[in-house]
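Visitor: task: produce atomic coordinates for the following.
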Amino acid sequence: MILYILIVIFTVSAYFPATGNPHWFFRTPDFIRLQTIAIQLALIVLFFLFESRYSTFSIILIISLVATTVYQIVKVFPYSSLYPRKKPDFPSKGTLSILAGNVLQTNTEYHKFKALVKQYDPDLVLTMESNSDWEKALQSIEKDYPFTVKIAKENFYGMHLYSKKELFDVEVNYHVEEGVPSIYFKYQITDTKKVFFACLHPAPPSPTENDTSKERDAELMIVGKYLRDIALPTVVCGDMNDVVWSRTTRLFKKMTGMIDPRIGRGFFPTYHADYWFLRFPLDHLFHTKDLFVGKMVRTPHFGSDHFAMYYEIKLKTKKTNTRKPKLNGEEKEEIEELIEKSDS
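Guide: From the prediction side, this is the model:
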């Protein structure tokens, strides 16, 4: 009986995100798909080990579980290292690198993060959850990174940006929630070409944060609409507090025409750094088709509950079609609904 109950739970819950309900309870199964696939496979094995008399009900139950397991594997498989992909080795004429990490506001192992900055020597350093203590601790890197954007906050949504080169057209936005910033800027990748960056850290749906995903979903849609009018090579980077196979993130990629460099490379789960069995890929980078990511590395643990990510981004020499994809009426309506829901 317990086995039956577990099979029902892990069959039905996998479809909760498809209901469109923004409450964290219904969105959580999206985050734990990798873990639930492992549990589902174990339940399938246990069913055939212990089920001695096959009834109509038990046969329907196991078929449903197998079908749901396949459904989940299909969702996540493109982000595994087993997925076939073309190697990102295009002729390029400009390179920039970024080290991006949610440092955890209460983490005081500043020296470990600064050691990562020294190890990877990126052109840009982006920190999230950085407060005034982190700002003071990172002053020592400013001799190498003199161009900065500092948004120290004590609400776990501070953000700091450090650059070796001048930043252009810097904007700090609060799209949805007061106290939850994003940073826009342009970076000179070649003598004649700039790259537009949007650095994000929307609040997640969880029992301890927002009850629903309305605010996070709205921010992604607002940023996505804005990026459709940007003609420059574009990068979106940060702790998105969402998994890449969720409906919202897939819609964001569709509306912007952006590429996820994770596809075919691996899951790169960045949270929770302390528990290997409970890790989700929450920290992302997306880019337009005129760019490609040559190197992508998850860093060693530095005391935060997240791992940081290091990327080397290159500008393609060959001109690439970067026109934004057309959206159908249903997709346009969904985008507007997700934005409007944040006000309700």
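Visitor: any buried residues in the helix or strand harbouring Asp217, and which?
Guide: Asp217 is part of helix 214-227 when elements are defined by DSSP states H and E. Neighbour-count burial for helix 214-227 flags 214-225, 227 (criterion: 16 or more other C-beta atoms under 10 Å). Any C-beta I mention is one placed from the backbone N, CA and C, and that applies to glycine too.
Visitor: adding distance to Thr192, write these out as CSV.
Guide: Shown next, in CSV, are the buried residues of helix 214-227 (distance: C-beta to C-beta, whole Å):
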residue, distance to Thr192
Lys214, 41
Glu215, 38
Arg216, 36
Asp217, 37
Ala218, 36
Glu219, 32
Leu220, 31
Met221, 32
Ile222, 30
Val223, 26
Gly224, 27
Lys225, 28
Leu227, 22
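Visitor: and the helix or strand of the chain with the lowest mean pLDDT, what does it pack against?
Guide: Least confident helix or strand of the chain, by mean pLDDT, DSSP states H and E, is helix 329-341 with a mean of 89. When contacts are defined as 3 or more C-beta pairs under 8 Å, 6 or more residues apart in numbering; DSSP states H and E, helix 329-341 packs onto helix 214-227, helix 247-256.
Visitor: those into a markdown table, with extra columns for distance to Ile9 and mean pLDDT?
Guide: As requested, these are arranged in a markdown table below (distance: least, C-beta to C-beta, whole Å; pLDDT from 0 to 100):
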| stretch | distance to Ile9 | mean pLDDT |
| --- | --- | --- |
| helix 214-227 | 26 | 94 |
| helix 247-256 | 22 | 93 |
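Visitor: now those helices in a markdown table, with distance to Lys314?
Guide: Shown next, in a markdown table, are the helices and strands packed on helix 329-341 (distance: least, C-beta to C-beta, whole Å):
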| stretch | distance to Lys314 |
| --- | --- |
| helix 214-227 | 20 |
| helix 247-256 | 19 |
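Visitor: closest one to Glu337 among the ones you listed?
Guide: For Glu337, the closest of the helices and strands packed on helix 329-341 is helix 214-227, at 9.1 Å, according to C-beta to C-beta.
Visitor: give me the residues contacting that closest one.
Guide: Residues from elsewhere that reach helix 214-227, judged by C-beta atoms under 8 Å, 6 or more residues apart in numbering: 22, 175-177, 180, 182, 196, 198, 200, 202-205, 210, 234, 236, 240-242, 248-249, 251-252, 255-256, 258, 335, 338-339, 341-342, 344.
Visitor: from those residues, list just the buried residues.
Guide: For the contacts of helix 214-227, a burial check counting by 16+ other C-beta under 10 Å picks out 22, 175-177, 180, 182, 196, 198, 200, 202-205, 210, 234, 236, 240-242, 248-249, 251-252, 255-256, 258, 335, 338-339, 341-342.
Visitor: what's the span of stretch 148-160, first residue to last?
Guide: One end of stretch 148-160 to the other measures 7 Å (C-alpha to C-alpha, to the nearest Å).
Visitor: buried residues in that stretch, which are they?
Guide: Quick answer for stretch 148-160 (16+ other C-beta under 10 Å): Thr148, Val149, Lys150, Ile151, Lys153, Phe156, Tyr157, Gly158, Met159, His160.
Visitor: next one: it to chain centre, how far?
Guide: 19 Å (C-alpha atoms, centre = their mean, to the nearest Å).
Visitor: can you pull the contacts of Phe307?
Guide: Taking C-beta under 8 Å, 6+ apart, we find Phe307 in contact with Gly101, Thr270, Tyr271, Ala273, Asp283, Arg298, Thr299, Pro300, His301.
Visitor: buried subset of those?
Guide: The neighbour-count test (16+ other C-beta under 10 Å) marks Gly101, Thr270, Tyr271, Ala273, Asp283, Arg298, Thr299 as buried among the contacts of Phe307.
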